[in-house]
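**Q** take this sequence and fold it.
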Amino acid sequence: MNAVPGLHVVARASGLGAIASIRGQDPSLTSYTINGVSVGSSAASTIDSDLLDQAQVDAASDMVAYSFLSPSLRPLYHASAQQGAFGLSVVKGSFQDTSGVLGIAYSHATRTALSALNGQTYLDQSGATYRHLGAVAITGNYADISFPLGSWEASLSDAVSTSRKLPLPNIRAGPVPAGFGPGEVLTSQANNPLLSINGLWNDYAISASFASWDQNEVDDYATRIVNRTPSPFFSSDTTQGSDLYFGVSTATEATHTTVSYDISRSSYRFSALGLPLSTTSIPRSTITLSQNGRLGRVLLDHLGLSAEIGGGHTSPSMNLAIRWPNKSGVQAYVTANAGRRFVDATALGGAIGMSDPATATFDCADRLISTTSVGVNTASPSAYGFSAGYGRQLRSAWLNLSGYDERIYGTIVSNAPVAASAMSAGALPLSALGQLQAAFSTIGGCAGAAPGPSNIFFSQNVGNVNAEYRGLALQAQLALSRNVELDVLYGLTQARLLAVPSLLQSPLSPYVRYAQLPNVAPSALNITADWHPSHYVEALLNVGSSSRNNQNNLPAYTQISAGVLVQLSHQASLSIIGSNLTNQFVGYFVSPEYAVPLPTYGGEGFPTLADPLPHSALYVQLNLRVASRRHDRF
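**A** Predicted coordinates:
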């Protein structure tokens, strides 16, 4: 999905879950659904992507829709095995069927990988040398049972995943990697039960669902050594939530109308070094009236009126989506939204405040210290925006041009670096700055005087932000010949602050009024060539590029990947994929190497750490898919 302009997906450290940012917006503005059921934003951190059947992005609604497997009418079996660089192994299997009145779907996935640095010996900030060992193992299972309840239909499903990771020092800001000796173990467990019921009552269609999500992540570092001194570390954080939905629909020949009520709640609990911190988001209720259908020659895809109640606010909003299709292959559409929305950034780090200096990042070269602190978790911003698009089917091509413009007032910027000098008196414990400054040399291994308050940053969620998001996208699907197709996607994204809150007005703050927001690439290009030399062979070539100010803090870069799919039989296929063939901006550590400074409020470049691209790698995958024929007896 990262190939879509303005869209960026970041995986969590445990390997389970991911956070998506759409149209360059803050990820706190993204909503999610699982199997069509709305869930809280914190649920995204519990999803095992290897179990998903598909993931779709609805940019106009700022929504990511996750779907798992569903039962099939006849038995379907699927299995795949992938091997790749650095010990990567991914094994998947699934089964779908309907037996009598029961529908069944089951899938399993196991992913393992080793560190590219395994077996190497080096010195880290523990002051000890040791042989490197790093690995990750993720196992997930999903099951779905569909069954009748009288004349109604019900479905009960659950996805359960576990992750065990031996994390490696991944930040090199000073002269040595920022690890603290071997032995750290990061474990995570997540599950996503979902119950849905659908049926008819007189002339009304009734839909009800209950979803919940739960993830517990434990960081056990009993063997940690700080400045040659044993310093055991243990942390635990739990993300939980639930969502209850009830909807009633009625239809005429031209329109379909739905009235729904939805209530959700999520919580985030964190503790480290025996010091608990618990933050629970305020329950949110949403009442919605929506309609779709045909109005003459116009298709009404969606007309919605809703009111969200939470955080001490009632947030009414309206959204509209219409299309004008015609028989000549031309299609135009317009969407618009206005009103308020409830934003919950609890799962994005706003609940975490670390008092342990050893969890901070020390940049010796630029004399910076970075850590985390508790920030704003909820907001009720007002938003106004529209988007428009025009598509046309030509003889051998499909062209689509679209654009959007949205303004949001009073929203949240998540995980923003806030300088200690910009924070109000009493916002930090009196000893916090002194401990961090002392750790600059003892833990960070940096020489010279410690940084002052203007160079000590606390990552936190900041509220009362006014922002504007604009963009243009051009998509072209071209048939160059009978067996060669080309897909081109080019996008421009503008994301900027209309007003900068006081917390972000320090000299080194990378948040500048009317300037592009940090880590939102202004432009992106993705080109895919698809060649079918025969019915049994398909070759793909993908070229993706990103401008500066990207999420990796790298200069403008281009990645090239290629793959071949060979159909061995009706049931079996073989895929061979090579990624990042140019081996550009590669590395194993997050470090100042390749890093591009960000423009700042005071005019001086803000030093960054770059997340390098993965090294060139080769992956081989074997797929087996069998569809059985059922012979019913009479």
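
**Q** by mean pLDDT, point me to the weakest helix or strand of the chain.
**A** Lowest by mean pLDDT, DSSP states H and E among the helices and strands of the chain is strand 275-280, with a mean of 62.

**Q** the following helix or strand past that one - contacts with which helices or strands?
**A** Later in the chain than strand 275-280, the nearest helix or strand by DSSP states H and E is strand 284-295. For strand 284-295, the elements it packs on are strand 255-272, strand 298-310, judged by 3 or more C-beta pairs under 8 Å, 6 or more residues apart in numbering; DSSP states H and E. For the C-beta atoms, the positions are set from N, CA and C on the backbone; glycine is no exception.

**Q** and strand 284-295, which strands flank it?
**A** strand 255-272 (antiparallel), strand 298-310 (antiparallel) (DSSP bridges).

**Q** could I have that strand exported to PDB, CA atoms only?
**A** Only the C-alpha atoms of strand 284-295 are listed here, as PDB (Å, rounded to 0.1, in the frame of the first residue of the first chain):
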ATOM      1  CA  ARG A 284     -17.500   7.300  21.800                       C
ATOM      2  CA  SER A 285     -21.100   6.900  20.500                       C
ATOM      3  CA  THR A 286     -22.100   7.600  16.900                       C
ATOM      4  CA  ILE A 287     -25.500   8.000  15.400                       C
ATOM      5  CA  THR A 288     -25.700   7.900  11.600                       C
ATOM      6  CA  LEU A 289     -28.300   8.300   8.900                       C
ATOM      7  CA  SER A 290     -27.000   7.300   5.400                       C
ATOM      8  CA  GLN A 291     -28.600   6.900   2.000                       C
ATOM      9  CA  ASN A 292     -27.500   5.800  -1.400                       C
ATOM     10  CA  GLY A 293     -29.200   5.100  -4.700                       C
ATOM     11  CA  ARG A 294     -29.900   6.600  -8.100                       C
ATOM     12  CA  LEU A 295     -31.200  10.200  -8.600                       C
END
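
**Q** start at 476 instead
**A** Sounds good: first residue 476 from here, last item strand 759-770.

**Q** for that strand, the averaged confidence score.
**A** Averaged across strand 759-770, pLDDT comes to 88.

**Q** how far off centre is stretch 711-724?
**A** Distance of stretch 711-724 from the chain centroid (C-alpha atoms, centre = their mean, to the nearest Å) equals 19 Å.

**Q** pretty sure residue 482 sits against residue 494.
**A** No - with contacts counted by C-beta atoms under 8 Å, residue 482 stays clear of residue 494, the gap being 11.7 Å.

**Q** tell me where the model's unsure across the stretch 976-1109 of the chain.
**A** Residues of the stretch 976-1109 of the chain meeting the criterion pLDDT under 70: 1104-1109.

**Q** next: the chain.
**A** Looking along the chain with the criterion set at pLDDT under 70, you get 476-480, 645-650, 749-757, 786, 824-830, 905, 1104-1109.

**Q** what are the ranges of the helices in it?
**A** 905-917 (DSSP state H).

**Q** which residues touch residue 509?
**A** 518, 522, 541-543, 667, 669, 686 (C-beta atoms under 8 Å, 6 or more residues apart in numbering).

**Q** report the beta-bridge partners for it.
**A** residue 512, residue 541.

**Q** can you give me the strands for the stretch 576-725 of the chain?
**A** For the stretch 576-725 of the chain, strands defined by DSSP state E, counting those that start in this stretch occupy the ranges 577-589, 596-598, 604-606, 610-624, 627-641, 660-666, 669-676, 679-696, 700-701, 704-705, 708-726.

**Q** if we can go back for a sec, next, format the helices and strands packed on strand 759-770 as TSV and append mean neighbour count and distance to residue 636.
**A** As requested, those are exported to TSV (neighbours: other C-beta atoms under 10 Å; distance: least, C-beta to C-beta, whole Å):
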stretch	mean neighbour count	distance to residue 636
strand 730-747	18	18
strand 773-785	17	29
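
**Q** out of the ones you listed, which comes closest to residue 499?
**A** Among these, the nearest to residue 499 by C-beta to C-beta is strand 773-785 (23.0 Å).

**Q** my guess is residue 1102 contacts residue 551. True?
**A** Yes - taking contacts as C-beta under 8 Å, residue 1102 lies within contact range of residue 551: 5.3 Å.

**Q** of those two, give the one with the bigger neighbour count.
**A** Neighbours were counted for residue 1102 and for residue 551 using other C-beta atoms under 10 Å; residue 551 has more, 17 against 13.

**Q** excluding its backbone neighbours, what's nearest residue 919?
**A** Excluding the flanking residues, the one nearest residue 919 by C-beta to C-beta, 6 or more residues apart in numbering is residue 837, at 2.7 Å.

**Q** same question, residue 861
**A** Closest residue to residue 861 apart from its sequence neighbours, by C-beta to C-beta, 6+ apart: residue 811 at 4.4 Å.

**Q** where's that neighbour relative to residue 731, distance?
**A** 20 Å (C-beta to C-beta, to the nearest Å).

**Q** can you check residue 537 too?
**A** Residue 537 sits 23 Å away from residue 731, going by C-beta to C-beta.

**Q** give me the neighbour count for the residue lying closest to residue 599 once chain neighbours are set aside.
**A** Leaving aside its sequence neighbours, residue 599 sits nearest to residue 654 (C-beta to C-beta, 6+ apart; 3.9 Å). Neighbour count for residue 654, taken as other C-beta under 10 Å: 22.

**Q** show me the contacts for residue 654.
**A** By C-beta under 8 Å, 6+ apart, the contact list for residue 654 reads 599-601, 643-644.

**Q** likewise residue 995?
**A** 481, 499, 968, 970, 1024.

**Q** does the second one touch residue 994 like I think?
**A** It refers to residue 499. No - look at residue 499 against residue 994 with C-beta under 8 Å: they stay out of range, at 9.3 Å.
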